[in-house]
Structures are given as C-alpha cells and as structure tokens.
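>>> coordinates only, sequence not included:
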C-alpha cells in the first residue's frame, strides 16, 4: 500500500518539476471584476511581469493558502472585505508590506494599522430611499433605522451576506453589545419582508413599492444606474442615495475596503511589490474609478462622475480590522435577534 | 438485484485485479475518510452554538424545501412520462426529447433567470415579492424533474403490456393502472431518481442563499465563512454524510426485503391513440413543463445575449468552452472507467468486497462540492507535507489533476447509477454460461456485457459530463491559475448582479448539454431501452 502512495507521490513530483520560475506574480483573488483583468494586462505591458490569478471565495482561498503552507505558489491575496484580511492575518498567512511608496499612495485611515494589508478601493454601505414616499429629513443615522417610523418599510439582504456582516461588526465595535442587540431587534421588527435577494433587489423592491428604504452597497447602485436595461435604470432613479451618520458629532458612514495582503512565503515578492505600487498609483487608481463604481484608496484620485454626483461624505474612521475581530459577535447578534 | 452469497474477502488470496480495485477505492475514498476522521478532532463549541440556535430552523427549512421540490419533480416527471409511454400523438417524439432538456440548465441559472423574470424590472413588472421558499422549491423542480422523468420513462416502458392488459381486464382505468399497478412496480426506479433530486436540493447553495432560505448547507457555510470555524463546517458535513448514508442504506434494506422482480417486457407496449378530448389534456400536461422549465429560461438567456452582443469576447468564450469541455470530458471518462470496473467486478465475482466498495464510493455525492474540495486540499497537502524538499504545488497540471480527482470523488454516484441498473437487468446465467465456454472475465465483458450495456455506458458518460459542465464550487476552489470555465464565468457575473452578461456563458453550457442529451436520446431510441 505504502509503495503505491509513494508511486503516486513521485508521479506528482515529476509533474511539478516542470515548473518554470519565470517573471510572474500569483494572486488568489476574491475579486473577479472586468476592471481587474484590465489592470493586470496594463501592468504586464508596463513591466513584462505576468499576473496569474485564481478566483474563488475568500474563505476558501484562505483555507487553500493555509493548507498549502509555505509551498503555496500564491504571492498576494485580495478580497473585498477588511474583515477577511484580518482573518488571514490571524491565521498567520501574511507578511507585513513595508514599502514607503505604497504606503504613501493610499489614505491613512484606510490602511491597516499593523501594516499587513493595503487598500486599493473602498465602498460605502449606505441608505437608499424612495423619492416618492420618504422625505430626506426623515433620514439621519444607522441607529435611527431602529425607529418605529420605519416599521414595515425597511429592506435589506440576508445576514449570510458579507457586507451586512461587516456593517454589523462595525456597529458592534462602535456601540457595544447591549446597544447593538436592542438595535438589531428593533431593526428586524421594521423589516418590510424577510431578508433575501442581492443589493440590486432591495432597490427594485423599493421601486415595486414593497418597502421605502434599503441598506445597500454604493457599488451596486452604480451598477444599477448604468445598467443596459432601461427598467433597471428607472428603478435606480426612483430612489436617492443617503450617507448616514454625517452630523458633526457623528462618526461617519460605514465603509469597507478592497485590499491586498502579501503571503508569508511569497515566492515572487519583488514582483508582488511592483504590482501593489502600480495598483495604488494615480494611473491605476483612475482605471479603477473609470471602470467600476468604487471609491479610490489614493486621495489624489477622484471617483467616477456618477459616484461624485452623490456628493462627498465623511467616512467612519473605525480601525477596519474591527470588521474581522467582531465578526463572530456580529453573527451571534444576527442569530439572537432573528435577522435571517 | 444484488446477491450477497459472496465469499469472504481475504487479502492474502486476492487476485491482482482485486488489489488494483482496493488501491483505486482507497485513493477515491481517502479524502472522505480523512474528513470523517478529522471531524472527530475538532472543537465542538461552534457546533453546539449552531445546534442550540439555528439548526432546528435550518433543518425544517431543508425538509420543507426538499418536500416541495420532490413533490413538483414527481408531478412534472411521472405524469408526462406516463402519457408519453402510452399514447401516440403528433409531436410525441419531439416532446419526449424536450422533456429531458431542462437537465441542461444548471439550477442556479434557472433560479437567477426566474428571479429576474419575476422581478419588478422583469418583462411583467411584478410588484409581488416572489422570492419565497415555495417559489424556489418549484423553480428547483423545473431543473430537477428530468431525473424523475427519465427513470419513469425507462421503467414504464420496461414493464411491457402484460400488466396493462391484466389491469384493463380487471376494469381499471388508465389513471388507476398508473397508481395501483405501474407506480408500485416502478418504485425502486423512481426512488433512485428522487434520491438524486434530494441530493441536488441538499447541496444547493447559490439559489437558496439568494432566496434567503436558510438550509442545512447554508449552515455549513455559515460556520465556515461567517463564524470562521472550518472545523464546524467539517463536522456538519460529516453529520450530513451520515444522515444520507443512513437513509440510503435503510431504503436499500427495506426495498431488498420487499423487492420483487416483475416479468420482463414480454410483449411490446402498444401505444394508444387518445380521443380528441383527452388529447388536449395530454398536450397540456406535457407542454407545461416544457414551457416553464425549458422555453422560458432558454428564451430569457438567449434574449440577453442579443441585447449584449457587442460586449461578447468570442476568443475568451472559445477558450472557456474548451476548458469546460476538456476537464469535464477527462473526468467523466475516468468516472465511467472506474464505475464500470467496480460494478462489473461486483457483478462477475458476487463478492461482498465489491458490493461494499460500490456502496461507499457513492458517498462523496452526499456532501457539498466545496467541502469535497476542502477535504481534497487537506488530504493532498497533508501528503505534500510528508516531503518537505519538493512541493507539488504551483504547477498547472498538478492542480488540474487535483481538480479531476475531486470531480471523481464527488460524481462517482452519478456515473454508477445508469450502469448499475443496466447490469442488474441481465440474469447471472449469462456469465456462468460464458465461463463454461472458457471465456475470461475480460472477454466476457468485451463480448457480452459491453455490447448489451453500451447504451448505459453512453448514458453514464453523458450524465456525468453534463453535471461537470455545470459544476461550480469544486472548480472555483481547486482550479489552477488563470483557469476559467463557462460555469465559473457565469457565476462571476451573476454574483456581481450582472446576469445579462453571464447569459452568453450559461447559454453555451445549455447548448452543449442539449446537444449531448439529444444525441443520447437518439441513441437510446435506437436501442431497446424504450421499446416504443
């Protein structure tokens, strides 16, 4: 039996010996957008370094990375949630990114305080409201969503969604356990329907009159408004965007970043550094904003025209690692208060 | 029918072939075993939390969803099969063919298409909220009923006319015959189809998440992705595996006791010409599933293509098609070879050794694809760590091999089932006579079993291939760098809420699978499977 295993094993080794260490950089990516393909192509043209990508769920990729251990071919890990980057740090999978250039390219409050990951873009989880049935003066904060005036009017997707989990984690970090449990209970009782669908569906539900306000990601509003389908654009136009918690004494709107981390044993570390330098540069940041509806991490770059039309806003400056640290607590709040 | 008079398995006296079988079985079964073993060594805190807070709700939802989907799959599968098997009418052969084709549409595409059609921004501007568990159950039945339809068709046709004649003489009507004579006789076949339907519902992830229906699988991913507890996910999967295995073996046990063989198709079933009044009903019953489960979603996807023609990258489309095609073909050929090898050896040797191999090797089908992928990764990397000097990772072909390996573990059950039911139909007297003539086992296979079962081999190959073309979670996790398939690309657009852009890729999956199913059907019609 043992012989057979050795036989199989040597077979695999023969395969792997053909490996050629060339000029490349390997990414495990949760992001799978058209703009990324464009970025990597541009980088390859500029430097001759080929970018190889595997795209899958972030938890699955972290697990793959963990099991591959120091033999992993991956140099970089990228995802759309600081919480998952923090999870990877906790699993001991990453090394610090020390480049001054990269660090100076991005806004300070978006960066990891421990230096393990680098943001490239960010999104806001904001409110949209029916132009017909809601007056903007009724809106103020996330906390206010617990108000009885929203009974039967609030729409949001399920608690299995990573964006909602990040929002709940941020609220948990900001408000503490007791307040958040009360808040979540009240919010659940305000739901217009059971949580379901994606972010776009929440907007469509407002257009269909199933509810009046919804918690959604800025990115998807951009997608909806630029849809090829006229009916979707119209649904998007039936609502307006509102950034909660903007008052002088308030903390700002919850945001989450897309960010890169470098694996502990990155075999192509130099190339990986070059890629991060490129992706945070003004040139690449402009590519991001012109091809998607994300906000740029580089403060020298302005978001797309459509995104700018919603106005500027104050970001919640909570250490984004909290989105991972409080994740499990946040899930328990969802479960305890019946947020499906 | 399985006979278990078998001799005891003794490692020392085994033939070379048995050793090969044991090795092969070990390779295929190890990751599952590995998963079961490590699940014993995980912390139980999260599991306890899940049991106390969520699992009851999740289990009720799962059973309810399985109930709805099974009910509608049975209705949509059995009744058209009954009419197609018994009546002659214009367009019968074409309707028969199209009734199989929803199998070509992945469940997640069916679900996304319908939720788009039924949404406010869809063609009918519905203001009603259709995202409900009942609606999901019916939509899943649309893409799963062909499992019931296909087994019913074969079973009804095999019964032959003797039973129909007797029940007619006893004064039973057509429907009475169906419920009192034909269905009880077809129970084992229909159950095998229903088993596949239930497995598919259990493992559904994308659509249930979208509809906000918390099933057991959602629980597995919730502990893995949200609670950051891979251990709990492994434990939950192991529990699922035990439940499925328990149900599977209990059903076997009871059916074995009750199992009675029916007289084989002594006389061909003659088709009736229905009266005019009934003809309308027949068309209605057969065309409703065709319209809802095939024409609507296909039309939806094709119309999306035409409104996004300028954004299609044909070179990429071609490459992805090639990727999907080649990796599915390689894995399905392996699965066909292995299933045939194990099943034929069971048939010919009648030993319990092969009987158990064949039972256990199907278990991979009962756990979610993502967990199979996780088990494979853990298993392979633990092998890799035995040797620190050289790593097997990083190479494109190694990952491709691992991907195919995981496919085999997960989809053996799909390949086995048509071959098994075909082999079981032939009496054991064939091989004893052949043995008396001095033929070796391989010669018996080549000269007797291959020719008489070739249609079932082709069926197995096609069904596995179609499942692999649609496969998503394993491919996502285990694929090599820069390796996309039609399914992964469809998923990437769909999950980013850009369904129209995903349609070209899903349509190619549907198209290829439809062509294969049509070819298969034409082949089968030529064979004696349907006898009509």
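Perfect, thanks for sending it. Keep in mind the model is a prediction, meaning the values are calculated, not measured.
>>> The helix or strand harbouring residue B:246 vs chain A: in contact?
Element membership of residue B:246 [criterion: DSSP states H and E] is helix B:230-258. Yes: under the criterion of Cβ under 8 Å from any Cβ of the partner chain, helix B:230-258 makes contact with chain A via residue B:230. Heads up, the C-betas are built off the backbone N, CA and C, glycines and all.
>>> That helix: which residues count as buried?
By 16 or more other Cβ atoms under 10 Å in any protein chain shown, the buried positions in helix B:230-258 come out as B:230-238, B:240-241, B:244, B:248.
>>> okay, residue A:7: pLDDT?
Looking at residue A:7, its pLDDT is 55.
>>> let me fix that: residue B:384
pLDDT, residue B:384: 72.
>>> ok, so what distance separates the closest residue to residue A:241 other than its chain neighbours from residue A:232?
Closest residue to residue A:241 apart from its sequence neighbours, by Cβ to Cβ, 6 or more residues apart in numbering or on different chains: residue A:310 at 4.4 Å. To residue A:232, residue A:310 is 18 Å away according to Cβ to Cβ, to the nearest Å.
>>> if you skip the residues just before and after it, what's nearest to the closest residue to chain B within the stretch 151-300 of chain A?
Closest residue of the stretch 151-300 of chain A to chain B, Cβ to the nearest Cβ: residue A:196 (2.9 Å). Distances taken as Cβ to Cβ, 6+ apart place residue B:212 nearest to residue A:196, at 2.9 Å, with adjacent residues excluded.
>>> From residue B:61, how far out is the closest residue to chain A within chain B?
Nearest residue of chain B to chain A (Cβ to the nearest Cβ) works out as residue B:212 at 2.9 Å. As judged by Cβ to Cβ, residue B:212 and residue B:61 stand 10 Å apart.
>>> Residue B:233 too?
Distance of residue B:233 to residue B:61, given as Cβ to Cβ: 18 Å.
>>> Please confirm that the residue of chain B closest to chain A is located within a helix.
No: counting by DSSP: H, G, I helix; E, B strand; the rest coil, residue B:212 is not part of a helix but coil.
>>> Enumerate every residue touching it.
Residue B:212 sits next to A:157-158, A:194-197, A:340, B:131 when contact means Cβ atoms under 8 Å, 6 or more residues apart in numbering or on different chains.
>>> and what of residue A:285?
A:120-121, A:279, A:296-298, A:300-301.
>>> Spit out the contact partners of residue A:84.
Contact analysis of residue A:84 by Cβ under 8 Å, 6+ apart lists A:30, A:58-59, A:62, A:162, A:324.
>>> I'd like the distance from stretch A:222-241 to the chain centre, please.
Its chain's average C-alpha position is 22 Å from that of stretch A:222-241, according to Cα atoms, centre = their mean, to the nearest Å.
>>> now the longest helix along chain B: how far from the chain's centre is it?
When chain B is parsed with DSSP state H, its longest helix is helix B:314-349. Relative to its chain's centre, helix B:314-349 lies at 14 Å (Cα atoms, centre = their mean).
>>> the inter-axis angle of whichever helix or strand comes after it versus helix B:314-349?
Downstream of helix B:314-349, the next assigned helix or strand under DSSP H and E is helix B:352-360. Comparing the axes of helix B:352-360 and helix B:314-349 via axes from the mean of the first three to the mean of the last three Cα atoms, to 10 degrees yields an angle of 150 degrees.
>>> right, is helix B:352-360 up against chain A?
No: using Cβ under 8 Å from any Cβ, helix B:352-360 stays clear of chain A, coming no nearer than 15.6 Å.
>>> Flag every buried residue along the helix or strand immediately after that helix in the chain.
Note on helix B:352-360: by DSSP H and E, the next helix or strand toward the C-terminus is helix B:369-384. Going by neighbour count (16+ other Cβ under 10 Å), the buried part of helix B:369-384 is B:369-381, B:384.
>>> hmm, helix B:369-384 in reach of chain A?
Yes: with Cβ under 8 Å from any Cβ as the criterion, chain A is reached by helix B:369-384 at B:370, B:373-374, B:377-378, B:381, B:383-384.
>>> list the helices and strands that helix packs on?
On a contact count with 3 or more Cβ pairs under 8 Å, 6 or more residues apart in numbering or on different chains; DSSP states H and E, helix B:369-384 meets helix A:58-68, helix B:16-39, helix B:230-258, helix B:396-425, helix B:473-478.
>>> Tell me which of these is the most buried.
Mean neighbour count (mean count of other Cβ atoms under 10 Å in any protein chain shown) peaks for helix B:473-478 among the helices and strands packed on helix B:369-384, with a mean of 25.
>>> Not counting it itself, show me its contacts.
Outside helix B:473-478, the residues that touch it by Cβ under 8 Å, 6+ apart are A:55-57, A:60-61, A:64, B:205, B:327, B:368-370, B:372-374, B:376-377, B:399, B:402-403, B:406-407, B:410, B:485, B:487-488, B:491.
>>> For that helix, what is the distance to the chain centroid?
When distances are taken as Cα atoms, centre = their mean, helix B:473-478 is centred 18 Å away from the chain's centroid.
>>> go on, stretch A:47-65?
On the basis of Cα atoms, centre = their mean, stretch A:47-65 sits 16 Å off its chain's mean C-alpha point.
>>> Kindly confirm my reading that residue A:52 forms part of a strand.
Yes: according to three-state DSSP, residue A:52 belongs to a strand.
>>> So it sits against residue A:29, correct?
No: at 10.2 Å, residue A:52 does not count as touching residue A:29 under the criterion of Cβ atoms under 8 Å.
>>> Let me see the ranges of the strands in the stretch 1-150 of chain A.
Taking DSSP state E, counting those that start in this stretch as the test, the strands found in the stretch 1-150 of chain A are A:24-29, A:50-55, A:76-79, A:94-95, A:117-130.
>>> do you know which of these lies nearest chain B?
Short answer: strand A:50-55, nearest of those by Cβ to the nearest Cβ, at 3.7 Å.
>>> OK, contacts around residue B:60?
By Cβ under 8 Å, 6+ apart, residue B:60 lies in contact with nothing.
>>> Quick check: it is in a helix.
Yes: secondary structure of residue B:60 (three-state DSSP): part of a helix.
>>> What count of nearby residues applies to the residue nearest to residue B:236 when sequence neighbours are not counted?
In space, not counting the residues next to it along the chain, residue B:236 is nearest to residue B:220; the distance is 4.7 Å by Cβ to Cβ, 6+ apart. By other Cβ atoms under 10 Å in any protein chain shown, the residues close to residue B:220 number 26.
>>> Could you check the pLDDT of residue B:220?
We have a pLDDT of 86 for residue B:220.
>>> and of the contacts of residue A:285, the nearest to residue B:286?
Using Cβ to Cβ, residue A:121 comes nearest to residue B:286 of the contacts of residue A:285, at 52.0 Å.
>>> residues from the stretch 101-250 of chain A in reach of chain B?
Checking the stretch 101-250 of chain A against chain B by Cβ under 8 Å from any Cβ, the hits are A:157-158, A:160, A:162, A:165, A:193-201, A:204-205, A:207-210, A:220, A:223-224, A:228-229, A:231-232, A:234-235.
>>> Number of residues surrounding residue A:332?
Residue A:332: 17 surrounding residues under other Cβ under 10 Å.
>>> Pull up the gap between it and chain B, please.
As judged by Cβ to the nearest Cβ, to the nearest Å, residue A:332 and chain B stand 8 Å apart.
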